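Visitor: give me a model of this one.
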Amino acid sequence: MNNLELKIAKSNEIQSLSNLSTENLIIWIIGKSHELNKTLTFEDIVIESWLINPLRYSLRKYNQFPDSSSIQKHIGAMTGKKGLLKGSMTSGYYLTEISKVKYADIIFRIDHKQIVHKKNILKSDRNLSSIDEAPYKRLIKTPAYKKFTENKLEQIVETDFLYFYGINWHSKKSFILNRFKNINLVVSSFSIKDPKLKELESFLNNKFQKTKELLIGKE
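Guide: So this is what the prediction gives:
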């Protein structure tokens, strides 16, 4: 499994591609593969999708393994009533006239950097339990996150920093250390789904480095 490599996508395309819907990602993979004179099997498409976005296309709680169920479901619909694909799992898939138009639109949006992170970031990811989602949902409702995404960096103050981590000046050192550790894990888990959250964490720790040092230094 560790020897698997991307056959179609390039490393500098991953961020844009990971923000595509499953249907558009499949269209992109198949369309690009034929531009490169490569015919992909169903398994190839599953692996390529997983390597592009392991958080979305891996087995539940086992991100090191791809899950074919979502890809299979979409391809089934796309080769059926939607009329977006033709071909089979063994012989490979091809775009129809309808999906070729969609493919051209996807290419244009990627080339012109119009593929952005999805706004509906509150929508639960099937690979994450409600327990995993809860701390993430809290973080994106904080004043710090709202101000950061609205580019109001100068309005982010110390109280926003403390609220983001769920701590205060009366918290014990052990509690504070655990909060920093736990929030860091949440941010890391959602770094692909929500890169803005990772940027915010870095911004907060740089801006309030002195505050953090004083908090951790408390008895």
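
Visitor: can you list the domains in this structure?
Guide: 11-111, 130-216 (automatic domain parsing).

Visitor: want to throw these into JSON lines with mean neighbour count, mean pLDDT and distance to residue 4?
Guide: (Glycine included, C-beta is placed from N, CA and C.) Below are those laid out as JSON lines (neighbours: other Cβ atoms under 10 Å; pLDDT from 0 to 100; distance: least, Cβ to Cβ, whole Å):
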{"stretch": "domain 11-111", "mean neighbour count": "17", "mean pLDDT": "90", "distance to residue 4": "6"}
{"stretch": "domain 130-216", "mean neighbour count": "15", "mean pLDDT": "88", "distance to residue 4": "18"}
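
Visitor: most centrally placed residue in this structure?
Guide: Of all residues in the chain, the one closest to the mean position by Cα atoms, centre = their mean is residue 193, 2.5 Å from it.

Visitor: and that residue, that's in a helix?
Guide: No: under DSSP: H, G, I helix; E, B strand; the rest coil, residue 193 sits outside any helix and is assigned coil.

Visitor: ok, now how distant is it from residue 64?
Guide: 18 Å (Cβ to Cβ, to the nearest Å).

Visitor: cool, residue 182 as well?
Guide: Taken as Cβ to Cβ, the span from residue 182 to residue 64 is 23 Å.

Visitor: excluding chain neighbours, what is closest to the residue nearest to the centre of the chain?
Guide: residue 55 (6.1 Å; Cβ to Cβ, 6 or more residues apart in numbering).

Visitor: quick one, what contacts residue 192?
Guide: By Cβ atoms under 8 Å, 6 or more residues apart in numbering, the residues touching residue 192 are 18, 53, 54, 55.

Visitor: next one: phi and psi at the first one?
Guide: Okay, so that is residue 18. phi -70, psi -20 (degrees, to the nearest 10).

Visitor: hang on, it packs against residue 51?
Guide: No: contact criterion Cβ atoms under 8 Å: residue 18 and residue 51 do not qualify, at 10.3 Å.

Visitor: pretty sure residue 6 is in a helix, no?
Guide: No: assessed with three-state DSSP, residue 6 is coil; it does not lie in a helix.

Visitor: list the contacts for it?
Guide: Going by Cβ under 8 Å, 6+ apart, residue 6 touches 48, 51, 52.

Visitor: so which of these are in helices?
Guide: 48, 51, 52 (DSSP state H).

Visitor: measure the last one to residue 89 for me?
Guide: Meaning residue 52. Plainly put, residue 52 is 20 Å away from residue 89 if you go by Cβ to Cβ.

Visitor: strands of the protein, residue ranges please.
Guide: Secondary structure of the chain (DSSP state E): strands located at 58-59, 62-66, 85-88, 92-95.

Visitor: want to throw the ones you listed into JSON lines with distance to residue 217?
Guide: Listed next are these as JSON lines, based on distance: least, Cβ to Cβ, whole Å:
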{"stretch": "strand 58-59", "distance to residue 217": "40"}
{"stretch": "strand 62-66", "distance to residue 217": "36"}
{"stretch": "strand 85-88", "distance to residue 217": "60"}
{"stretch": "strand 92-95", "distance to residue 217": "59"}
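
Visitor: that concludes my questions; thank you for your assistance.
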